[in-house]
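S.K.: model this:
(2 chains)
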Number of protein chains: 2
Amino acid sequence: MARRIIECVPNFSEGRNPETVARIADAVTSVPGVALIGKESDPDHNRSVLTIAGPPEAVSEAAFRAVQVAVQCIDLRCHQGVHPRLGAADVVPFVPILNTTLEECAAYAHTFGRRVWNELQVPVYFYESAALSEDRRRLENVRRGGFEKVCELVRQTPERRPDLGGPDLHPSAGAVIAGARKFLLAFNVNLDTEDVAIARAIAVKIRASSGGLPHVKAMGVLLASRNLAQVSMNLTDFEVTPLHVVFEAVEREAALRGVRIAGSEVIGLMPATALAMAAAHALRIENFHSRQILENRLLSNLID
Amino acid sequence: MARRIIECVPNFSEGRNPETVARIADAVTSVPGVALIGKESDPDHNRSVLTIAGPPEAVSEAAFRAVQVAVQCIDLRCHQGVHPRLGAADVVPFVPILNTTLEECAAYAHTFGRRVWNELQVPVYFYESAALSEDRRRLENVRRGGFEKVCELVRQTPERRPDLGGPDLHPSAGAVIAGARKFLLAFNVNLDTEDVAIARAIAVKIRASSGGLPHVKAMGVLLASRNLAQVSMNLTDFEVTPLHVVFEAVEREAALRGVRIAGSEVIGLMPATALAMAAAHALRIENFHSRQILENRLLSNLID
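M.R.: Numbers count the residues shown, from 1 in each chain, chains lettered A, B, ... in the order given. Coordinates of the predicted model:
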């Protein structure tokens, strides 16, 4: 039977105290069969992001243990940082990777959320594909106002109350926002110009929020180190809007402005299927299926 | 520590008796931790090919057990088939997949070969990257004449004697030819013409044997089902000559002959790194490393 793999990418409101982050990471790796494949802390945002991968049950258990430690160690009443946050364990998305669907990941998020409320008494909101109402699909809507403001709002405004537990947030740990989403690709295209206004104009043209390509977030920035303007993007559903479609759109918009592409970059990890889609387009491969990717076959067959 | 994965692709001189092939496959899957990711039998060639993947020690053990069964069940003295063969277990190549090298695979082939001779008393030849002399690198050289002829030759011609054991071959099982090679990609490009002479001319132009691209084998064939001429290729080192280099060479040679590409196809499995190289070329991704492929990270961390 083909093994299932999911990812969970919990965000914690602690990016300055390495000891706390290490304790959270240890809680993850205490679960057999999971891999901690990413761990990043940002002191300015006072925030850390872990990436946990493995079979769904093991990943859910690891996410729960990590949240448990965060709830014990992080007190939002003494937390400072520029990033908006609602909880000690702030956002906990479940992501389908292999032989599993977004709907199944929403179910994992719901099971995980029930455990967080039942065992830790931390209220839970559900967002994106795990949202229980349309207005909670967007994370910004759920988190608007942040911990301090939402602590007050839940008293007066029924529509801001948690999906599970509450109405009051946990006094020190706030609430957990659990969800399900697709894999997020970070893809940047560098322009052969230092004029950041061109990168900004292209970003506006191609991004979903202004009627461009679906599932594309984009902004124009200046790469100071190389003095190049860059279209910096997040692709939130690369199966609907693949890498090559985004690249060609940027290339076309740049050409209209008399600018050439200098190159591109991938930040972090990239699923083989995303690369396969770009390769199949460039090489005109007919009927290519992600089952034909050797590593997918190995993952389906080799892990416990 | 990053886990290592290799593949072993043993070829057996039996493609007509499903019971024998099933017994060989059972021997493979009796080893914990390996995956049998491919199993193909060809009755015309009277030959079967298994693809075994996993950690090196487990794969070597599985290959040995498979050869052991083949030596017991296959008698070359009563074997018929059009494919050249020297042994019941004929060719046993070890292939690096993840966190391992061709040199390490040559060492696995040598260890495996010693076990075959010591425990099964079947003599062993080493070929390709496991060859002990330059003239045995090419499989054709080792296998020339086939079982019946080589049984005689080893008596008179010292240079045809096995690398381990012998000089006589095993009376019923012949010899095992163990080796190490890179992953082999089967990639075909279809031309928008039914003129197979054009496909043949392009094949001659691009293949290594006539001074074309290194590590490319190519021939021109007619795809009867679609009435299209096809350049059918094996890429024996896709890191040296990547997919996109081959595709663009065929496209260029076709254009010189006034023909366009109709499409392409990948036969069997494709490593994510091969797709990544094509994608990085098409999307002009700078500094992409195969460590950034999610599935490689998962395989390095998740398997036992």
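S.K.: give the rounded mean pLDDT of stretch A:236-249.
M.R.: Stretch A:236-249 shows a mean pLDDT of 97.
S.K.: for stretch A:107-118, same thing?
M.R.: Mean pLDDT, stretch A:107-118: 98.
S.K.: what strand or helix carries A:Ala229?
M.R.: strand A:228-235 (DSSP states H and E).
S.K.: strands paired with that strand, and their directions?
M.R.: For strand A:228-235, the paired strands and their directions (DSSP bridges) are strand A:185-191 (antiparallel), strand A:216-223 (antiparallel).
S.K.: which helices and strands does the helix or strand following the first one pack with?
M.R.: Helices and strands here follow DSSP H and E; after strand A:185-191, the next one along the chain is helix A:196-206. In terms of contacts (3 or more C-beta pairs under 8 Å, 6 or more residues apart in numbering or on different chains; DSSP states H and E), helix A:196-206 is packed against strand A:185-191, strand A:216-223, strand A:228-235, helix A:243-256. Every residue, glycine included, has its C-beta placed from N, CA and C.
S.K.: compute the inter-axis angle for helix A:196-206 and strand A:185-191.
M.R.: 130 degrees (axes from the mean of the first three to the mean of the last three C-alpha atoms, to 10 degrees).
S.K.: show me where pLDDT drops low in chain A?
M.R.: Within chain A, the ranges that satisfy pLDDT under 70 run A:1, A:81-82, A:303-304.
S.K.: quick one: A:Ser225 from chain B, how far?
M.R.: For A:Ser225, the distance to chain B (C-beta to the nearest C-beta, to the nearest Å) stands at 13 Å.
S.K.: again with A:Leu228
M.R.: Using C-beta to the nearest C-beta, A:Leu228 is found at 11 Å from chain B.
S.K.: contact partners for A:Leu223?
M.R.: A:Leu223 is in contact with A:Asn190, A:Ala229, A:Gln230, counting by C-beta atoms under 8 Å, 6 or more residues apart in numbering or on different chains.
S.K.: which one of those residues is nearest to chain B?
M.R.: Nearest to chain B, judged by C-beta to the nearest C-beta, of the contacts of A:Leu223 is A:Asn190 at 8.0 Å.
S.K.: excluding chain neighbours, what is closest to the closest one?
M.R.: A:Ala262 (4.2 Å; C-beta to C-beta, 6 or more residues apart in numbering or on different chains).
S.K.: and A:Asp168, its phi and psi?
M.R.: Note on A:Asp168: backbone dihedrals following degrees, to the nearest 10 are phi -70, psi 140.
S.K.: dump the residue contacts of the closest residue to it other than its chain neighbours.
M.R.: In this structure, A:Asp168 finds its nearest non-sequential neighbour in A:Val154, 6.2 Å apart by C-beta to C-beta, 6+ apart. Taking C-beta under 8 Å, 6+ apart, we find A:Val154 in contact with A:Arg160, A:Arg161, A:Pro162, A:Gly166, A:Pro167, A:Asp168, A:Leu169.
S.K.: pull the number of nearby residues for the first one.
M.R.: What it means is A:Arg160. 19 (other C-beta atoms under 10 Å in any protein chain shown).
S.K.: that one contacts A:Glu152, doesn't it?
M.R.: No - between A:Arg160 and A:Glu152 there is no contact under C-beta atoms under 8 Å: 9.4 Å.
S.K.: who are the contact partners of the residue of the stretch 101-250 of chain A found nearest chain B?
M.R.: Residue of the stretch 101-250 of chain A nearest chain B, by C-beta to the nearest C-beta: A:Phe247 (4.9 Å). By C-beta under 8 Å, 6+ apart, the contact list for A:Phe247 reads A:Phe187, A:Val189, A:Ile261, A:Ser264, A:Ala278, B:Ala282, B:Leu283, B:Arg284.
S.K.: ok, and the closest non-adjacent residue to A:His281?
M.R.: A:His281 sits nearest to A:His244 (C-beta to C-beta, 6+ apart), 4.7 Å away.
S.K.: could you check how far that neighbour is from B:Arg85?
M.R.: According to C-beta to C-beta, to the nearest Å, A:His244 stands 44 Å off from B:Arg85.
S.K.: comparing the two, which shows the higher neighbour count?
M.R.: Shown here are A:His244 and B:Arg85; by other C-beta under 10 Å, B:Arg85 has more neighbours (23 against 18).
S.K.: for the residue lying closest to that one once chain neighbours are set aside, phi and psi?
M.R.: Nearest non-adjacent residue to B:Arg85, counting by C-beta to C-beta, 6+ apart: B:Ser13, 4.7 Å away. Main-chain dihedrals, B:Ser13, degrees, to the nearest 10: phi -90, psi 60.
S.K.: count residues in the vicinity of B:Ser13, would you?
M.R.: 26.
S.K.: surely it touches B:Leu76?
M.R.: Yes - between B:Ser13 and B:Leu76 there is a contact at 6.3 Å, judged by C-beta under 8 Å.
S.K.: what is in contact with the two at once?
M.R.: B:Arg85, B:Gly87, B:Ala88.
S.K.: and the helix or strand hosting A:Phe94 with chain B, contact?
M.R.: Using DSSP H and E, A:Phe94 maps to strand A:89-98. Yes - using C-beta under 8 Å from any C-beta of the partner chain, strand A:89-98 reaches chain B at A:Ile97, A:Leu98.
S.K.: could you find the closest non-adjacent residue to the residue in the stretch 1-150 of chain A positioned nearest to chain B?
M.R.: Here the residue of the stretch 1-150 of chain A nearest chain B is A:Ala35; by C-beta to the nearest C-beta that distance is 3.4 Å. Spatially, and ignoring its direct neighbours in sequence, A:Ala35 is nearest to B:Asn301 (3.4 Å; C-beta to C-beta, 6+ apart).
S.K.: from the chain's centroid, how far away is the helix or strand hosting the one you found?
M.R.: Assessed by DSSP H and E, B:Asn301 sits inside helix B:294-302. For helix B:294-302, the separation from the chain centroid amounts to 24 Å (computed by C-alpha atoms, centre = their mean, to the nearest Å).
S.K.: who's in contact with that helix?
M.R.: Contacts for helix B:294-302 (C-beta under 8 Å, 6+ apart): A:5, A:33, A:35, A:37, A:53-54, A:97-98, A:183, A:269-272, A:293, A:295-296, A:298-299, A:302-303, B:2-3, B:5, B:98-99, B:272-273, B:290-291.
S.K.: so A:Val266 touches A:Leu185, yeah?
M.R.: Yes - between A:Val266 and A:Leu185 there is a contact under C-beta under 8 Å: 7.5 Å.
S.K.: tell me the angle the helix or strand hosting A:His281 makes with strand B:185-191.
M.R.: Following DSSP H and E, one finds A:His281 within helix A:272-283. Per the same axes, to 10 degrees, the angle that helix A:272-283 makes with strand B:185-191 is 30 degrees.
S.K.: which of the helices and strands packed on helix A:196-206 sits closest to A:Tyr108?
M.R.: Closest approach to A:Tyr108 among the helices and strands packed on helix A:196-206 is made by strand A:185-191 (21.5 Å; C-beta to C-beta).
S.K.: for the closest one, buried residues please.
M.R.: By 16 or more other C-beta atoms under 10 Å in any protein chain shown, the buried positions in strand A:185-191 come out as A:Leu185, A:Phe187, A:Asn188, A:Val189, A:Asn190, A:Leu191.
S.K.: for the third one, which residues make a bridge with it?
M.R.: With DSSP bridges applied, A:Asn188 shows beta-bridge pairing to A:Ser232, A:Glu265.
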